[in-house]
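> Attaching a predicted model along with its sequence, questions to come.
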Amino acid sequence: MLSTNGVRNSSNETSLQLKILDKVAGPVLTGKSIMGNEGTPIRVALVDKTTGEVIKSGPGCSAKVEILVLDSSGDNNEHRDNWSIEDFNNKIIREGDKTKPHFARSNYVYLEEGVAVLRDVKLGHDSSWMKSCECRLGLRIAESFRGVKVEEARSSSFMVLDSRSKLYGNHYPPSLSDEVWRLENIGKDGTRCNQLYNNKILKVKDFLFLHSINPQRLQEILGVGDKTWKSTVDHARTCILDDGSIYVYYPSEFKTGVAFDAVGGLKGAIHDSHYVPITDLSTDEKDCARSLLLVAFENGKDIISFPDETSLQHQYPSKYSDLDCLSDFFRGIEHFETLFSPESNNILCGAHSEPHRQSKGGGGLDGVAAIVIRMVRARKRFMALGGMHLQKRQRI
């Protein structure tokens, strides 16, 4: 029996109730089946309120049960056992309420020997974006039988999310192949997303590439302030760089090309079909190669890739010019000139040591030193006559 205010009188309180046997696994996504914590369907049972035993026979053991969704946002009744009928009814989210998760149609299940399983129970959303919402499942007997009243069941609270928040949400961390709108502050099909698309920045990989070679231009394209810019870049930098390929931009009409990694990091240059690694490039050469990266970004269709640097060198072998070899040789023998100068010789041999005797054939240590010194002096004359210009020529 019920009192006039809708609260059950303890003296006449029914001894039967519906009980949800499994806790709802949250968060629940709209359009996805509501499941229990163990990944199994949720069960509901008709039980004796005093003993907790399932009622397997008698009135109600095969009753029709209505499945409802209740709004629990701002709910202070989480731990309250004795809800009034008004409390329950006021929390029901009706089909017409499109701003909250709801059932697209009425949902019913029939008890069998006092137990029912909720299969393929899904919450829906409207075409407009739905904010996250705290909800409960509610169940009540949909028909009366022999005047017996059964207390309604309600689950504990769980969070409901618009499934599109997962479908179109950010990735943590993002991957190189992710669409650029997976980054923070870039909504799918939004203004910023379209601005990036219009400038050939389609993937997270493209975002990181342009950030590597011209971050100022990228910020201008994105059109955001410093705080938002930092947030987006910091998120992009958490990207797992799992692409070890080497990329080359070397169009046939150019004598010079550039080699780089997946996100625009300079690896080297290509000159006359020979690969020059970054460690062998001068500062000016590096600047020239980086300017080619901008051209490469604008002409992605002309970029080719190699699995690694070794594969790259099969097609573009490293080149070590004769002049480079000669320069290295001269740099080495300059050390001998210093070593075999009279002053150094005195230091090495001692101030009072007997000088080395030169053999008639010009052999011995003194003879070698004399040859080396003559070669160094010849190199100096060579440089004075224009060799300097040749040595400093640019590869790029």
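Good, I have the coordinates. Numbering: from 1, shown residues only.

> going forward, measure contacts between C-alpha atoms and count neighbours the same way
Will do.

> What does the pLDDT read for the most centrally placed residue in the chain?
Central residue of the chain (C-alpha atoms, centre = their mean): residue 174, 1.1 Å from the mean position. The confidence metric pLDDT takes the value 90 at residue 174.

> Residue 220 too?
pLDDT at residue 220 comes out at 96.

> Can you classify it by secondary structure?
Using DSSP: H, G, I helix; E, B strand; the rest coil, the structure places residue 220 in helix.

> and if you look at residue 94?
Residue 94 is classified as coil under three-state DSSP.

> quick one: contacts for the residue nearest to the centre of the chain?
182-183, 204, 235-236, 238-240 (C-alpha atoms under 8 Å, 6 or more residues apart in numbering).

> cutoff 10 Å now
180, 182-184, 204-205, 235-241 (C-alpha atoms under 10 Å, 6 or more residues apart in numbering).

> now the strands for the stretch 151-300 of the chain?
Remark: strands assigned in the stretch 151-300 of the chain by DSSP state E, counting those that start in this stretch are 153-154, 158-161, 246-249, 256-260, 266-271, 274-277.

> ok, of the ones you listed, where does mean pLDDT dip lowest?
Minimum mean pLDDT among the strands of the stretch 151-300 of the chain: strand 158-161, a mean of 86.

> who touches that one?
So strand 158-161 is contacted by 23-31, 72-73, 100-101, 123, 125, 130-137 (C-alpha under 10 Å, 6+ apart).

> filter those residues to the buried ones?
23-25, 28-31, 72, 100-101, 123, 125, 130, 132-137 (16 or more other C-alpha atoms under 10 Å).

> got the CA positions of stretch 288-296 in PDB?
Output in PDB follows, covering the C-alpha atoms of stretch 288-296 (Å, rounded to 0.1, in the frame of the first residue of the first chain):
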ATOM      1  CA  CYS A 288      69.800  25.600 -48.500                       C
ATOM      2  CA  ALA A 289      68.600  22.100 -47.900                       C
ATOM      3  CA  ARG A 290      66.000  23.300 -45.400                       C
ATOM      4  CA  SER A 291      64.700  25.800 -47.900                       C
ATOM      5  CA  LEU A 292      64.100  22.800 -50.200                       C
ATOM      6  CA  LEU A 293      62.000  21.200 -47.500                       C
ATOM      7  CA  LEU A 294      59.400  23.900 -48.000                       C
ATOM      8  CA  VAL A 295      59.300  23.200 -51.700                       C
ATOM      9  CA  ALA A 296      59.000  19.500 -50.900                       C
END
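
> Can you mark which positions in that stretch are buried?
288-290, 292-293, 296.

> And for stretch 303-314?
305-306, 309, 312.

> what about residue 238, distance to residue 262?
Counting by C-alpha to C-alpha, to the nearest Å, the gap from residue 238 to residue 262 is 15 Å.

> neighbour-wise, which of those two wins?
Neighbour tally, residue 238 and residue 262, criterion other C-alpha atoms under 10 Å: the higher count belongs to residue 262, 19 against 12.

> wait, what's in contact with the more buried one?
176, 205-206, 208-209, 241-247, 305.

> Quick check: the farthest pair among those?
Greatest spatial distance in the contacts of residue 262: 208 and 305, 17.5 Å, computed using C-alpha to C-alpha.

> ok, back up a step: and the strands of the stretch 151-300 of the chain: which comes nearest residue 213?
Nearest of the strands of the stretch 151-300 of the chain (C-alpha to C-alpha): strand 266-271, 9.3 Å.

> how far is that closest one from where the chain is centred?
Between the centre of strand 266-271 and the centre of its chain there are 28 Å (C-alpha atoms, centre = their mean, to the nearest Å).

> Who are the packing partners of it?
If you count contacts as 3 or more C-alpha pairs under 10 Å, 6 or more residues apart in numbering; DSSP states H and E, strand 266-271 packs onto strand 246-249, strand 256-260, strand 274-277, helix 283-298.

> Within the sheet, what are the partner strands of the helix or strand just after the last one, with directions?
Using DSSP states H and E, the helix or strand that follows helix 283-298 in sequence is strand 303-306. Based on DSSP bridges, the pairing partners of strand 303-306 within the sheet are strand 246-249 (antiparallel).

> what does the strand it pairs with contact?
256-270, 292-293, 295-297, 299-312.

> Against residue 285, how distant is the residue nearest to the centre of the chain?
33 Å.

> Flag the shaky bits of the stretch 1-150 of the chain, pLDDT-wise.
1-14, 75-82, 96, 98, 127-129, 145-147 (pLDDT under 70).

> all strands of it, in order?
Secondary structure of the stretch 1-150 of the chain, counting by DSSP E, counting those that start in this stretch: strands at 16-20, 28-29, 42-48, 64-71, 107-110, 115-118, 133-141.

> For the contacts of residue 262, please prepare TSV with the additional fields distance to residue 278.
Shown next, in TSV, are the contacts of residue 262 (distance: C-alpha to C-alpha, whole Å):
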residue	distance to residue 278
176	24
205	22
206	22
208	20
209	18
241	20
242	21
243	19
244	17
245	16
246	13
247	14
305	17
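
> Buried among those? Need that as a selection in PyMOL.
Buried residues within the contacts of residue 262, by 16+ other C-alpha under 10 Å, are selected in PyMOL with:
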select buried, resi 176+205+206+208+209+245+246+247+305
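
> what's the closest of the contacts of residue 262 to residue 228?
Using C-alpha to C-alpha, the contacts of residue 262 come closest to residue 228 at residue 208, 16.0 Å.

> Nearest residue to that closest one in space, please, no chain neighbours.
Spatial nearest neighbour of residue 208, chain neighbours left out: residue 263 (5.4 Å); criterion: C-alpha to C-alpha, 6 or more residues apart in numbering.

> Now residue 317: phi and psi?
Per-residue torsions, residue 317: phi -60, psi 150 (degrees, to the nearest 10).

> ok, it to residue 310 distance?
For residue 317 relative to residue 310 (C-alpha to C-alpha), the value is 9 Å.

> Quick check: the gap between residue 117 and residue 49.
20 Å.
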